[in-house]
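> next one to model:
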Amino acid sequence: MRVLIISILLLSLGGLTGCNLIYKQSIQQGNAIEQEDLDQVDLGMTKRQVSLLMGTPAIQDPFHKDRWDYVYEYRPRGNDGNKRIVTVEFENNKVTDIIGLIQNIEEWDNVRTAVGTKSSK
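Residues are numbered from 1 along each chain as shown. Take a look at the predicted model:
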């Protein structure tokens, strides 16, 4: 009788391992990039003005000091996430190029990004 109870217990525990009881948290990483903030960044702005609007960049490459990369990623509860990447390039401390403009963002479930550029080049 004792062997039967132990084997039923072990089988029950083995069956529970296939159940997905683990809660997966939504993950947000990087700078939150909003289209409204990005629309305010114009060619000729200084690095200080850009950092006040967009925050400090997520990636500061020591080999490209005049290039700021803003990366934002959101993964809701284990699903495939959405990523927004914007690069701002400077020359003589002034914005010369903005790459990766984000358009038509309504909600995270249906993010559509249209890559475009503002450039003085």
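> quick check: which element contains Phe63?
According to DSSP states H and E, Phe63 maps onto no helix or strand at all.
> quick one, phi/psi of it?
With angles defined as degrees, to the nearest 10, Phe63 sits at phi -90, psi -20.
> again, but for Arg48
Dihedral angles (degrees, to the nearest 10) for Arg48: phi -60, psi -40.
> ok, the one 5 residues further on next?
Reported as degrees, to the nearest 10, the phi and psi values for Leu53 are phi -80, psi -50.
> same check, this time on Met45
Per-residue torsions, Met45: phi -70, psi 150 (degrees, to the nearest 10).
> my guess is it meets Lys94, correct?
Yes: contact status for Met45 versus Lys94: in contact at 6.9 Å, counting by CB atoms under 8 Å. Heads up, the C-betas are built off the backbone N, CA and C, glycines and all.
> regarding the nearest residue to Lys83 once chain neighbours are set aside, what is its secondary structure?
With sequence-adjacent residues excluded and distances taken as CB to CB, 6 or more residues apart in numbering, Lys83 is closest to Glu73, at 4.7 Å. For Glu73, the assignment made with DSSP: H, G, I helix; E, B strand; the rest coil gives strand.
> C-alpha coordinates for the longest helix seen in the chain, PDB please?
Determined from DSSP state H, the single longest helix within the chain is helix 2-16. Provided in PDB are the C-alpha atoms of helix 2-16 (Å, rounded to 0.1, in the frame of the first residue of the first chain):
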ATOM      1  CA  ARG A   2       2.800   2.400   0.900                       C
ATOM      2  CA  VAL A   3       4.600   1.600  -2.400                       C
ATOM      3  CA  LEU A   4       1.400   2.400  -4.300                       C
ATOM      4  CA  ILE A   5       1.000   5.800  -2.600                       C
ATOM      5  CA  ILE A   6       4.600   6.700  -3.300                       C
ATOM      6  CA  SER A   7       4.400   5.700  -6.900                       C
ATOM      7  CA  ILE A   8       1.100   7.700  -7.400                       C
ATOM      8  CA  LEU A   9       2.800  10.700  -5.700                       C
ATOM      9  CA  LEU A  10       5.800  10.400  -8.000                       C
ATOM     10  CA  LEU A  11       3.600  10.100 -11.100                       C
ATOM     11  CA  SER A  12       1.600  13.100 -10.000                       C
ATOM     12  CA  LEU A  13       4.700  15.200  -9.500                       C
ATOM     13  CA  GLY A  14       6.100  14.100 -12.900                       C
ATOM     14  CA  GLY A  15       2.800  15.100 -14.600                       C
ATOM     15  CA  LEU A  16       2.900  18.600 -13.000                       C
END
